[in-house]
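Here you go, sequence then predicted model.
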Amino acid sequence: MLVAAQFHFDLFKFSLIQGVALGALYGILAIALVLTFRMSRVVGFVHGGIATASAFFYWYLVADPTLVSGQSVGGSAWNTHQWPKFPAVVLAVILGAVLGAVFGSVVTGRMATWPRVTVTTFSLGAMLLLAGIASSVWKSAFENVPSPFSEKSTHLLGNAVRYHDLAVVAIMVLLVVSLNFVLSRTKLGTQIRAIADDIDAAAMVGIPVQRISMGVWCAAGALAGLGGVLLTPMTRLGTSVILFVLLRSTAGAVLGGFDSLPLALGGALIFGQVEAQVQGGTFGTIGSGWREVILMTILFTGVILLARRNQGRFQLAEG
Amino acid sequence: MAANGQTAVLTTADWTEGELAALETVEDFLPDQVREGTVLRATDVHKRFGGVQALRGASIEVPAHSFVGLIGPNGSGKSTLFDVLNGFTTPDQGTVEAFGQDVTRKQAWDRAKLGMSRTFQANHIDLDLTVLDNLLAGAYLNVRGGVVASVLGFPAVRADQKRANEVARAVARLLDLEPLLEVRAGSLNFGAQRRIEIGRSLMSRPRLLLLDEPSAGMDATEASHLLMLVKRLQTDLGLAVLLIEHFVRMVLDNCGSVTAIAAGQIIASGPPDVVAASAAVQTAYLGVSADA
Amino acid sequence: MLQKLMAPLGKLTGGNPMVPGIVAFVALAVIVPPLLAGYWIFLVTAGLLTTITAFGLAIIVGWVGEVNLAGAGLLGASVYVTGYFYRVGESRLNGWPFIPAALTGIIVAAFLSGLVAIPTARFSGIYVMVLTLGLQITLERTLFSFPWIIGGFGRNVIVNRPRFLGVSFDSDLRFFYLCLAAAVAAGLFVNALRNSRHGRAMNLIRTDKRAAAAVGISPWRYKILAFAIGGGLIGVAGAFTAPLYRSPPAIVQFIAFQSLFLLAIPVVAGTRTLLGISSVALSFALIPQALESHHLSPFLLGGIGLIAGTIVGPGGLGGNLLEILQKKKEVAILSALGLDGETEAEVDLTVAPAPAPAPATDVVSVEGDGDEIVLRNRPPRLKA
């Protein structure tokens, strides 16, 4: 199958923006993962559940009741009011923030001293629960979800590009800029970074660790919700997709060592780009299976390098 | 400070009959002990962690059938030295020889096969398992059988398991744990849990025991009882024991040879009275020069 | 509070661990089939196979303490591989006898599981989680997307019920008994393994890797072995699932969320009681049916299970029950010795010799500088 590999420049251009948009989307979730990992040393699988819940909620609000095919399964039959897109997005993001805050309060409160693997398993359970609730309450049969940025496209570099994709990239840039500003120029940002470096030392100098950590979980939840809303118009609405995206984002975060936001973003963009290019046929007709293998190899290598760096050279010494 | 530096040796006449039988079982189980020469030798060990030089040219020797103590203030590198001796850390420089072989680059479990066993400062036993199960876990190297043989219960495997059970009972007897064999470790107090850990080490057929602060977390009386127990086992089973201990008094009174370490360097080594009188040791511990 | 709920159960079983197992086996084998209508036998059979999967996950999650997120993927891999070789078809690779086909499926699952363990053997926790999730998604997007192995999307691919040793297990009832036998065999295997030196080694590794290394156990080797054995057990479940529906099942049963769902079983039940795992596995097979009729997603069950499991504690429900049963025995032993586990024993701090329980011989003392360390002829009974 690799024999059919050759480089098609025109396809490359076509997939370029798509790849950037996809990478930006993975990046939004990767930011949420890295932020919460730095706060609580827990892998935020729950963000997958939050993204799913927000995505379903958004769809429920904006879907035209008469067109929804899931109606017969009993889910959205009682939605008679079709909301305008932007308020729906805002509501969905608020839902994400609330869910994030609730989860964060448990993790930073009662579970603050539990082993991290246990709390991560709890995070897995929360994701499963949220996905289950979302798909039970708002039934979906792989709907098409309308984009808040309309379905139209424009032209860029000689190719058609959807407004939605452009918007995702723009949102990402905005996020990165504002995050960078907050983290490096504000007192809150300094406190967050202090907690991320050494939680005990931060507590000792009087930083309200639990309050700030919860705030970060809340913000990360909002981001995850936003990610869910932005994702579903690019694919279809369903629970499986979100886990797949979450893995990509986790992979990006892993490449950034779970510590570095810029590296995590870089990783997410790389994943998005590789995925779009291989899928778009830039490298010839490589089967989609190979794409997975390539991406997984990158992930495996990244994890191994990261673990080696963090745990010393294959030794059992303490610390 | 003991006037003559001599240790009080408790002889086998002090064991009860049942304990003597147990002693014999354990003795038969253990490999032939090394009778002369050096069992363990570390030479010129250097180890750096990031910005911290934990060991600077540390050397230590454990002769056959000896009870050696390693003392030093907090942060002096005792645990790092143990990690190097035991195989959890590879030194940047220097060598470790055990039982006449160079084991510097050997993994900890390979050193265990040679007969080196180690306990830890904190208890690492399964609190949900009974005392017996905890002890049996230590017999890993001495029960034969791959997965298939073990599951199907081949005769050799069964015989080995039976023997391990008997030895575990004997070890428990020697460590005052016999009536508690069916009790879960989590229900026992700290001192008993410490003894379980030492017992598990014995189950691995050691010729050398490295004990990392065995009396950590105990008060002076409990600690002295535990150390007496260890000393009796060492004497009567012919083992070599190296122990890190914070109760300096205990070490000076009972060990045949003492090594003192501070800031990653060995500052004194030899018979207890020599080490105790050493100016360097007194400075390290008391922070003043000893001229009184 | 959990203790109070569990206490009556403890009384029922009378403290003997074998009794509940035998009761359950008899119940399943004899009472259940005549009582249940055809479809329910089918579900219980699926539940038995889920039990085998849960045993495999229990070895990985409970014995070496790693979270494996590829359970459903491994199951699916075995189902499809076994089904491919065993089924009726045109390719010359189809139509193998059942046992070789099953063995192939089992080996594939064991191999993949062991494979993901190799790079992660030296690390643990979160890194392993991420890599197993990677394996799961990779399987979904490679193996599960090849039409030739999953049997296309039509209904014309038939996987017969197995027949070997001259016996055909074609009917639902016969196949149920075959799966019951397989589940019991798997349980006996796991039990034997747990009491063998290998099971003890895996448990010690979970307790503390360094302690394991200090008695000669290589944590890395055993992690890989645990993953391979666990994967193999999952493979066994998959091999028997292939003929369950008489045609290749849909891939939706083996997606990532299903992995989480399966993971909830050993987490909820705890990994120390095989019976606990079996009960929870059976419930997890039967309850979703009830949920579906109320339009509730089975993910709810899995999510609640995982969350409840983490809150209940590392032993799970089974572990808590065992603890209660064992405490009763222990209280008897400890009080007979004059100890109870709760109060701190008093230590005699006076220096003078205390009356020793054994016949007294001379007290040996070491003097020096006014301090006396009094050595008794044997230490007083060290209070446990």
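That came in fine, so what should we check first?

so where do the strands sit in the stretch 101-250 of chain B?
B:101-102, B:116-118, B:208-212, B:240-244 (DSSP state E, counting those that start in this stretch).

Pipe the ones you listed into JSON lines and attach distance to C:Val190 and mean neighbour count per row.
Every residue, glycine included, has its C-beta placed from N, CA and C. Formatted as JSON lines, those follow (distance: least, Cβ to Cβ, whole Å; neighbours: other Cβ atoms under 10 Å in any protein chain shown):
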{"stretch": "strand B:101-102", "distance to C:Val190": "39", "mean neighbour count": "10"}
{"stretch": "strand B:116-118", "distance to C:Val190": "29", "mean neighbour count": "28"}
{"stretch": "strand B:208-212", "distance to C:Val190": "34", "mean neighbour count": "25"}
{"stretch": "strand B:240-244", "distance to C:Val190": "39", "mean neighbour count": "25"}
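
Compare those and give me the one nearest chain C.
strand B:116-118 (4.5 Å; Cβ to the nearest Cβ).

Look at whichever residue of the stretch 51-200 of chain A sits closest to chain B and report its pLDDT.
Here the stretch 51-200 of chain A gets closest to chain B at one residue, A:Pro115, 14.6 Å apart by Cβ to the nearest Cβ. Looking at A:Pro115, its pLDDT reads 77.

how deep is it tucked in, by neighbour count?
13 (other Cβ atoms under 10 Å in any protein chain shown).

State the distance from it to A:Pro146.
Separation of A:Pro115 from A:Pro146 (Cβ to Cβ, to the nearest Å): 44 Å.

Could you check how many residues crowd around residue 198?
This is for chain A. 10.

Switch to chain C, please.
24.

cool, the one 3 residues further on as well?
The tally of other residues near C:Ala201 (other Cβ under 10 Å) stands at 25.

Please identify which helix or strand holds it.
helix C:197-207 (DSSP states H and E).

tell me how far that helix is from the chain's mean position?
Its chain's average C-alpha position is 14 Å from that of helix C:197-207, according to Cα atoms, centre = their mean, to the nearest Å.

Take it, keep the C-alpha atoms, and write them as CSV.
The C-alpha coordinates for helix C:197-207 follow below in CSV (Å, rounded to 0.1, in the frame of the first residue of the first chain):
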residue,chain,number,x,y,z
ARG,C,197,4.2,-17.9,43.1
HIS,C,198,3.4,-15.9,40.0
GLY,C,199,0.2,-14.5,41.4
ARG,C,200,1.9,-13.7,44.6
ALA,C,201,4.7,-12.0,42.6
MET,C,202,2.2,-9.9,40.7
ASN,C,203,0.5,-8.8,43.9
LEU,C,204,3.7,-7.8,45.5
ILE,C,205,4.6,-5.7,42.5
ARG,C,206,1.3,-3.9,42.9
THR,C,207,2.1,-3.4,46.6
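
after that helix, next one along is what?
That would be, after helix C:197-207 and using DSSP H and E, helix C:209-214.

following that following helix, which helix or strand comes up?
Next element after helix C:209-214 (DSSP H and E): helix C:219-241.

Any part of that next one near chain B?
Yes: contact of helix C:219-241 with chain B is found when judged by Cβ under 8 Å from any Cβ of the partner chain, involving C:Leu225, C:Ile229.

For burial, what's the neighbour tally of A:Phe9?
A:Phe9, neighbours per other Cβ under 10 Å, totals 8.

what angle separates the helix holding C:Ala201 from helix C:219-241?
Orientation check (axes from the mean of the first three to the mean of the last three Cα atoms, to 10 degrees): helix C:197-207 against helix C:219-241 gives 110 degrees.

Isn't C:His295 up against A:Ser136?
Yes: using Cβ atoms under 8 Å, C:His295 is in contact with A:Ser136, at 6.4 Å.

Looking at those two, which is more packed in?
A:Ser136 (18 against 13).

close enough to count as contact, that one and C:Leu301?
No: shown here, A:Ser136 and C:Leu301 do not form a contact pair, counting by Cβ under 8 Å, at 11.0 Å.

Let me see the ranges of the helices in the stretch 151-292 of chain B.
B:155-174, B:190-202, B:220-237, B:248-254, B:272-277, B:279-286 (DSSP state H, counting those that start in this stretch).

ok, now which ones touch the closest residue to A:Ala264 other than its chain neighbours?
Nearest residue to A:Ala264, sequence neighbours excluded (Cβ to Cβ, 6 or more residues apart in numbering or on different chains): A:Gly256, at 3.2 Å. A:Gly256 makes contact with A:Ala30, A:Val34, A:Pro262, A:Leu263, A:Ala264, A:Leu265, A:Gly266, A:Gly267, according to Cβ atoms under 8 Å, 6 or more residues apart in numbering or on different chains.

what's the closest non-adjacent residue to the fourth one?
In space, and not counting its chain neighbours, A:Leu263 is closest to A:Gly256: 3.2 Å by Cβ to Cβ, 6+ apart.

that older thread, filter the contacts of A:Gly256 to the buried ones?
A:Ala30, A:Val34, A:Leu263, A:Ala264, A:Leu265, A:Gly266, A:Gly267 (16 or more other Cβ atoms under 10 Å in any protein chain shown).

The biggest helix by length in chain A near chain C at all?
Ranked by residue count, the top helix of chain A under DSSP state H comes out as helix A:9-40. No: judged by Cβ under 8 Å from any Cβ, helix A:9-40 stays clear of chain C, getting no closer than 8.9 Å.

Report all helices and strands that that helix contacts.
Helix A:9-40 is packed against helix A:46-62, helix A:85-108, strand A:159-162, helix A:163-185, helix A:187-197, helix A:209-231, helix A:239-255, helix A:261-280, with contacts defined by 3 or more Cβ pairs under 8 Å, 6 or more residues apart in numbering or on different chains; DSSP states H and E.

Report whether the very next helix or strand once past the second one contacts chain C.
Per DSSP H and E, helix A:85-108 leads on to helix A:116-137 as the next helix or strand towards the C-terminus. Yes: using Cβ under 8 Å from any Cβ as the criterion, contacts between helix A:116-137 and chain C involve A:116-122, A:124-133, A:135-136.

So for whatever helix or strand comes next after helix A:116-137, mean pLDDT?
As assigned by DSSP H and E, the chain's next helix or strand after helix A:116-137 is strand A:153-156. For strand A:153-156, mean pLDDT rounds to 73.

partner strands of strand A:153-156, parallel or antiparallel?
strand A:159-162 (antiparallel) (DSSP bridges).

Skipping adjacent residues, who's closest to residue 210 in space?
The chain I'm using is chain A. The nearest residue in space to A:Gln210 (Cβ to Cβ, 6+ apart) is A:Thr108, at 4.9 Å.

wait, I meant chain B there
B:Leu210's closest residue in space is B:Arg118 (Cβ to Cβ, 6+ apart), at 4.1 Å.

From chain C, how far off is the spatially closest residue to B:Cys255 that is not a sequence neighbour?
Leaving aside its chain neighbours, B:Cys255 sits nearest to B:Gly69 (3.8 Å; criterion: Cβ to Cβ, 6+ apart). Separation of B:Gly69 from chain C (Cβ to the nearest Cβ, to the nearest Å): 15 Å.

what does B:Gly186 give?
Distance from B:Gly186 to chain C, by Cβ to the nearest Cβ: 9 Å.

how many other residues sit next to that residue?
17.

and what of the one 10 residues further on?
Counted with other Cβ under 10 Å, the burial measure for B:Ile196 works out to 27 neighbours.

What distance do you get for it to chain C?
Counting by Cβ to the nearest Cβ - B:Ile196 and chain C are separated by 10 Å.

who touches that residue in this structure?
B:Asn123, B:Ile125, B:Val131, B:Asn134, B:Leu135, B:Leu175, B:Leu177, B:Ala185, B:Leu188.

Brilliant, that's me finished.
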